[in-house]
Structure formats: structure tokens, C-alpha cells
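In: Turn this into a structure:
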Amino acid sequence: MAKYSEKFKIKLVTEYLQGNLSYGSLAKKYNMGSKNRIYEWVKIYEAQGRDGLKRRKTKKRYSVQFKLSTVQFIKETGASCLETAIRFNMNSPSLINSWVNLFQLEGIEGLKPKSKGIPSMSKKPNKQTDKVEKKLSREEELERENELLRLENAYLKKLKAFREIRMSSSKSTSKIGIRT
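Out: Residues are numbered from 1 along each chain as shown. Okay, the predicted model is just below:
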């Protein structure tokens, strides 16, 4: 169960947005350990509305490519986990932070889904352990590296296109006198 309900989050966000109390004052008033959580809620609410504060009914599974995109976005732009969560329409900056940490420790392997639960106690030898023990041949290593380079290349192309769109939209708004 979630530590804070949706009603509670909305109550604090609206109380902050009314301008009566600061983040720190709200944290003290409601006996919260830190004002950072309230700050996150407000920023997510401003970007996504009420839906951003809702707890997801089902656990969403993210692809390796999506996780890699968020991690690379942080590395390329220097954005915070909160800014990245807002950019990718997520409501959990801490999840992105865990992806960044996994990527730093294990590389792209850390972003791949892992099997959950306790493995069965079958008497048959586990074929998966055979794969782990067997070293990859030189050809397999090169194929793997090639795959990773393709992923990185595809990501960089998307990032370049995103930046070009962003630059062209900011130029067009400045031409008509709109300040950004």
C-alpha cells in the first residue's frame, strides 16, 4: 500500500499552490520527514495534473530501450530525475534514479528485466546456469557489441531529431515575439 494517498497528495499540493505555506512549512505541519516529496508532487501535478499524483493500479513494465532513453537523456542534458520523469510522463523520479544507478553498476544488462520469485527445486539441471558458465565466443561477443552500438546509434539519432525540433520551435516562437 502507498504511504500517501492521492487525496493527501492533492490536499498538500493545493495548499501549497494557494500560496499560504512553503514546502518546509507543509512538511512540518503534516509531520513529513522532508519537503522534497512535496516539491516533487507539486512539479508532477503542474506537468500532468491529477493523473500524475495517482497511484498506478498495475505495475507498468518498461522496455530496455525506454529505460536506456531515460538514462541517456539524463547523461546528455544533465536533467534531474524529476525533470526526466516529467519529460517522459512518469510519476516516479525514484524509479529513474534506480535505473541510473543500475546502468552505472551493470551497464545495459542492469536495465534488462530479471526473473522474480524463488527458483523451482527441479531435479533437472538448470539450462540457464549452463549459459552463464559458458563463455561467449569471440563472434558472439562481437555480435553483442554490435547490437549495443546499434541501440546507442538509434538513440542518438532520436536525440538529435528531438533537439532539432526543439530548436526550430524556439526559433519560430521568437520570430513572432513570444518569449520562452
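In: can I see the domain layout of this protein?
Out: In terms of domains, the chain is parsed into 6-53, 61-113, 135-180 (source: automatic domain parsing).
In: all helices of the chain, in order?
Out: Along the chain, counting by DSSP state H, helices occupy 6-17, 23-29, 36-48, 64-77, 81-87, 93-106, 127-133, 138-175.
In: Let me know the angle separating the last one from helix 64-77.
Out: Counting by axes from the mean of the first three to the mean of the last three CA atoms, to 10 degrees, helix 138-175 points 60 degrees away from the direction of helix 64-77.
In: returning to what we had before: and of the domains of the chain, who's closest to P119?
Out: With respect to P119, and counting by CB to CB, the nearest of the domains of the chain is domain 61-113 at 15.6 Å. C-beta coordinates here come from the backbone N, C-alpha and C atoms, glycine included.
In: Can you get me the start-to-end distance on the closest one?
Out: Chord length of domain 61-113, first to last residue, is 9 Å (CA to CA, to the nearest Å).
In: Could you shift the numbering so residue one becomes 50, and keep it that way?
Out: Will do, 50 is the new start, and the previous item becomes domain 110-162.
In: ok so, going back, most neighbours per residue, which of the helices of the chain?
Out: Burial of the helices of the chain is given as mean neighbour count (mean count of other CB atoms under 10 Å); helix 130-136 ranks first at a mean of 20.
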